[in-house]
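Trainee: here is my input; please provide its structure:
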Amino acid sequence: MSYVSEFKEFALKGNVVDLAVGVIIGGAFGKIVDSMVGDVIMPIVGAVVGKIDFSNLFIVLGSVPAGTANTLDALKKAGVPVLAYGNFITIAINFIILAFVIFMMIKQINRLKREAPAAPAAEPVTPEDVVLLREIRDALKK
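Mentor: From the prediction side, this is the model:
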C-alpha cells in the first residue's frame, strides 16, 4: 500500500472528520466562553472584589521609559517586562467555566445514553434463496 493511499484512507476515516468538526466547533465555543467571561462574569467579579478590570492588574518588572503611560498595553508596546497576573486570572476563570460546561455536557450525554432503552434484538432474516432451497428440500422428502 502506498503512502498516498494509506494517508487517504487515514484522512477519510470518520474519526478524523469528527475530530476536525470538534476542533472547529470548539474554537467557536471558546470565543463564546471568552465573551461570557470578559463581558459578563469578570465585570461582576470585579465589582464584588472592588476592581473593575482584571486585565489591567500587573506588576512592572523593569524600568519604565519616560513618557510611557502606565497601562498594560503601553508598557508592552514599549518593551517593558510586566507580570500580567490580571490577564492570568481572567484566563483561569475562563478555563474553569469551560471545563464546567464540558463536564455538564458529558454528564448529560452519559445520562441520555444510560436512559435509552435497549432495542430488542431483531430476528435475523433468512435470505430468500435459503427459504426456496428449504422448500425444495421439504418437497423432495414427501
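Trainee: buried sites along the one helix or strand Pro43 maps to?
Mentor: Pro43 belongs to helix 42-49 when assigned by DSSP states H and E. For helix 42-49, the neighbour count (16 or more other C-beta atoms under 10 Å) marks 42, 46 as buried. Where C-beta positions appear, they are placed from N, C-alpha and C, glycine not excepted.
Trainee: give the next helix or strand downstream of that helix.
Mentor: Next in sequence after helix 42-49, counting helices and strands by DSSP H and E, comes strand 59-60.
Trainee: which strands and helices sit next to that next one?
Mentor: strand 82-83 (3 or more C-beta pairs under 8 Å, 6 or more residues apart in numbering; DSSP states H and E).
Trainee: sheet-wise, list the partners of the strand it packs on with their directions.
Mentor: Partners of strand 82-83 in the sheet, by DSSP bridges, are strand 59-60 (antiparallel).
Trainee: tell me which residues of the following helix or strand past the partner strand come out buried.
Mentor: For strand 59-60, the succeeding helix or strand toward the C-terminus, using DSSP H and E, is helix 72-77. For helix 72-77, a neighbour-count test (16+ other C-beta under 10 Å) marks 72, 75 as buried.
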